[in-house]
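Asks: give me coordinates for this.
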Amino acid sequence: SDVRDLPESYTCNSNKEELCLEFVRHFNANYERLYPERKPLFLICPNEYGVDKFVCTTVRPTLLPFREVYDLEKTAEFVSNYL
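Replies: Modelled structure (predicted):
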């Protein structure tokens, strides 16, 4: 498709996005300095037009259907029953 038909956000970043990328790069540099033995974080990726974008991820708590694994003693019993 013609780039002129795309939303501007595909081919450039807003000032807020640039500021966010600056914070993310700073965070990532600190992470790599503090934890050099860990795998690198996947936080910034170029889109299909070569524009760096922040990869937003979240971890949402989820209740498991196994109520017996909510307490330490019950979890230990649950695991020991299956070993």
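Asks: please count neighbours and contacts with C-alpha atoms only from this point.
Replies: Fine.
Asks: I figured residue 55 hits residue 47, correct?
Replies: No - applying C-alpha atoms under 8 Å as the test, residue 55 and residue 47 come out as separate, 10.2 Å apart.
Asks: touching the host helix or strand of residue 22 from outside, list them.
Replies: Using DSSP states H and E, residue 22 falls within helix 15-34. Outside of helix 15-34, the residues within contact range by C-alpha atoms under 8 Å, 6 or more residues apart in numbering are 38, 40, 41, 43, 44, 53, 54.
Asks: check those residues and tell me the two furthest apart.
Replies: The largest distance within the contacts of helix 15-34, taken as C-alpha to C-alpha, falls between 38 and 53 and amounts to 22.6 Å.
Asks: okay, the two: which has more neighbours?
Replies: residue 53 (19 against 9; other C-alpha atoms under 10 Å).
Asks: did I read that right, the more buried one in a strand?
Replies: Yes - under DSSP: H, G, I helix; E, B strand; the rest coil, residue 53 sits within a strand.
Asks: from residue 45, how far off is it?
Replies: Counting by C-alpha to C-alpha, to the nearest Å, the gap from residue 53 to residue 45 is 6 Å.
Asks: may I ask which of the contacts of helix 15-34 has the most neighbours?
Replies: Sorting these by how many neighbours each has (other C-alpha under 10 Å) puts residue 53 first, at 19 neighbours.
Asks: I figured that one hits residue 44, correct?
Replies: Yes - using C-alpha under 8 Å, residue 53 is in contact with residue 44, at 5.5 Å.
Asks: and the residue nearest the centre of the protein?
Replies: residue 57 (3.4 Å; C-alpha atoms, centre = their mean).
Asks: helix/strand/coil for it?
Replies: At residue 57 the chain is in coil, as set by three-state DSSP.
Asks: for it, which residues are in contact?
Replies: Contacts for residue 57 (C-alpha under 8 Å, 6+ apart) come out as none.
Asks: from residue 38, how far off is it?
Replies: From residue 57 to residue 38 the distance is 18 Å (C-alpha to C-alpha).
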